[in-house]
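1. give me the fold of what follows.
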Amino acid sequence: MSVDFSKLPRLNLPPAEFNVRVTAAGRPQIFDLQRSRWVALTPEEWVRQHFVAMLISDKGYMRGRVANEVSLELNGVSRRCDTVVFDCCSRPLMIVEYKAPGVAITQKTFDQIARYNMILQARYLVVSNGLSHFCCEMDYAGGSYRFLRDIPSMDGEE
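-> Numbers count the residues shown, from 1 in each chain. The predicted model follows:
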């Protein structure tokens, strides 16, 4: 059995190659290089894998500084950030939250990533459903943020 790629949504992200398989139970899986394991190939995971591939191949982020499903504790509750990109000193530089392509990005999505950022204090907050991507840069000194036109490259982020 093989994965029918025609049933996966087309994304507004560069094409990438992935290892995919179908389990004996007929469930599609994709190999997540960041976690070094097979994971369920859901629409949200399809977005994550493409977005991470774009961060590494197109934006110049080092694979070893990108982590998927990063655990944190918020108000005594365990949560997981979809992706965190770390700087050269292992500080969170970027938090990325994914939604499936059919899910609209709403204020609730931004509220979720802002709550995570209360703990991580990343410079960039990114939300993507694979079709639309929004990135804001935090200005902690000024107590504000600004939306960027594009996802920043690693250039100058050392």
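2. so how far is Cys88 from Gly64?
-> To Cys88, Gly64 is 11 Å away according to CB to CB, to the nearest Å. (Glycine included, C-beta is placed from N, CA and C.)
3. quick one: contacts for the nearest residue to Asp58 once chain neighbours are set aside?
-> Computed as CB to CB, 6 or more residues apart in numbering, the closest residue to Asp58 that is not its neighbour in sequence is Pro14, at 5.8 Å. Going by CB atoms under 8 Å, 6 or more residues apart in numbering, Pro14 touches His50, Ala53, Met54, Ser57, Asp58.
4. pLDDT score for the last one?
-> This means Asp58. For Asp58, the model assigns a pLDDT of 96.
5. shouldn't Ala104 be within a helix?
-> No. Read with DSSP: H, G, I helix; E, B strand; the rest coil, Ala104 is coil and lies in no helix.
6. give the closest residue to it in space, chain neighbours not counted.
-> Nearest non-adjacent residue to Ala104, counting by CB to CB, 6+ apart: Asn129, 7.4 Å away.
7. now the helices for this protein?
-> Using DSSP state H, the helices of the chain run over 43-57, 107-120.
8. can I get those helices in CSV including mean neighbour count and distance to Ser144?
-> Formatted as CSV, those follow (neighbours: other CB atoms under 10 Å; distance: least, CB to CB, whole Å):
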stretch, mean neighbour count, distance to Ser144
helix 43-57, 21, 25
helix 107-120, 15, 13
